[in-house]
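Q: predicted coordinates and the sequence they were generated for:
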2 protein chains.
Amino acid sequence: MNTKFTDSEINIIYTPIGCIHSPYMKVEDMPIQPTGAINVRGKITLFDEYITATKDLEGFSHIYLIYHFHKVTDWLPLITPFLDDQSHGLFSTRAPKRPNPIGLSVVKLLGIDKNTLLIENVDILDGTPVLDIKPYVPAFDQPESARIGWLEGKAASVENQTSDERFKN
Amino acid sequence: MNTKFTDSEINIIYTPIGCIHSPYMKVEDMPIQPTGAINVRGKITLFDEYITATKDLEGFSHIYLIYHFHKVTDWLPLITPFLDDQSHGLFSTRAPKRPNPIGLSVVKLLGIDKNTLLIENVDILDGTPVLDIKPYVPAFDQPESARIGWLEGKAASVENQTSDERFKN
């Protein structure tokens, strides 16, 4: 097995395909997951060269957004997330202070008009660079049953919680 | 609304946290989705500095892997995916030739031993750089119902299909 990466695999360079616009202007106002952002609307403005690539996307009710946590500058191996008073390994959380600060959200797609995608259940900071959009497909993305470790009994309680300053830089 | 990005938001640089090892040595041998890779095992070798960050991850039965399609060198706005004979907008597909070639898979986590994560339902090429690992949480990630556009009636048929050369460079 080979774990030796080439230079272009060590320094992976991405560039935004567009920008997310949301009501969340500050980190501390944000919901901590999309389930805490039900009915919150936002939009994505794509750069014009990507308009053709959105063909047929409107047929999907939900999409994955992959985006860059642009306000994050460092990462922590152990963190105490919003939903617990114990510390957990970073990779067992969705906290933004990650080695590669990549965000992932499932949002509802309400419609597309040229380069603008209207979305709902948005838990993302205004001005966030979008890296990729993928269709959400239950047959690919929903395991029949899932254990959720330290989040057991906690994941359903996020709806009324907002972010605080603990992940602020 | 501001879509002006800073330099560090235009050139986003990530680096692998580890490497995926799988039985798929060539693009054309690969299944086209994790549902076509049921029971296929692989592993992730993390760089040592990320071991602490896996604490508590074993409590989760499924994880998201976010990875870099390292064999992809260009992208196409319209593509004809494996599951159809019509072309579709790239963002309405999971095809790897994307503006930012980022892959996303839900895999089963069987266990962790130091820097090695044993995983199942692996649809990823051997040697792929891993960018992020996130816990899969149904309350965050499963919409109650989802429309799937052009994939309607096709998404369930992926189990017996393998990749071919159309996404090869």
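A: Here it is on my side, so go on.

Q: may I see the buried residues of the helix or strand bottoming out on mean pLDDT in chain A?
A: Least confident helix or strand of chain A, by mean pLDDT, DSSP states H and E, is helix A:138-141 with a mean of 86. The neighbour-count check on helix A:138-141 (16 or more other CB atoms under 10 Å in any protein chain shown) flags A:139-141 as buried. All C-beta atoms are positioned from the backbone trio N, CA, C, and that covers glycine.

Q: and the residues you listed near chain B, which?
A: Checking the buried residues of helix A:138-141 against chain B by CB under 8 Å from any CB of the partner chain, the ones in range are A:139-141.

Q: mind telling me what element the most centrally placed residue in chain A is part of?
A: In chain A, the centroid-proximal residue (CA atoms, centre = their mean) is A:Leu104; its distance is 2.8 Å. A:Leu104 belongs to strand A:102-113 when assigned by DSSP states H and E.

Q: using PDB, write out the CA atom coordinates for the least confident helix or strand of chain A.
A: Once non-C-alpha atoms are left out, helix A:138-141 reads as follows in PDB (Å, rounded to 0.1, in the frame of the first residue of the first chain):
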ATOM      1  CA  PRO A 138     -31.400   8.600  -0.500                       C
ATOM      2  CA  ALA A 139     -30.400   5.400  -2.200                       C
ATOM      3  CA  PHE A 140     -26.800   6.500  -2.100                       C
ATOM      4  CA  ASP A 141     -26.800   8.600   1.100                       C
END
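
Q: pull the distance from it to the chain's centre.
A: 18 Å (CA atoms, centre = their mean, to the nearest Å).

Q: for that helix, packing partners?
A: Helix A:138-141 makes packing contacts with no helix or strand when contacts are defined by 3 or more CB pairs under 8 Å, 6 or more residues apart in numbering or on different chains; DSSP states H and E.

Q: could you give me the average pLDDT of the strand holding A:Leu104?
A: Averaged over strand A:102-113, pLDDT sits at 96.

Q: try stretch A:54-69
A: Confidence for stretch A:54-69, expressed as mean pLDDT, is 97.

Q: likewise stretch A:121-135?
A: Here the average pLDDT along stretch A:121-135 is 96.

Q: kindly check the end-to-end length of it for me.
A: 16 Å (CA to CA, to the nearest Å).

Q: was I right about A:Tyr24 contacting A:Leu125?
A: Yes: contact criterion CB atoms under 8 Å: A:Tyr24 and A:Leu125 qualify, at 5.2 Å.

Q: just the C-alphas of the very next helix or strand once past the strand holding A:Leu104, formatted as CSV.
A: Next in sequence after strand A:102-113, counting helices and strands by DSSP H and E, comes strand A:116-120. This file holds the C-alpha atoms of strand A:116-120, laid out as CSV (Å, rounded to 0.1, in the frame of the first residue of the first chain):
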residue,chain,number,x,y,z
THR,A,116,-29.0,32.0,-8.5
LEU,A,117,-30.2,29.0,-6.5
LEU,A,118,-32.8,29.6,-3.8
ILE,A,119,-32.3,27.3,-0.9
GLU,A,120,-34.0,26.6,2.5
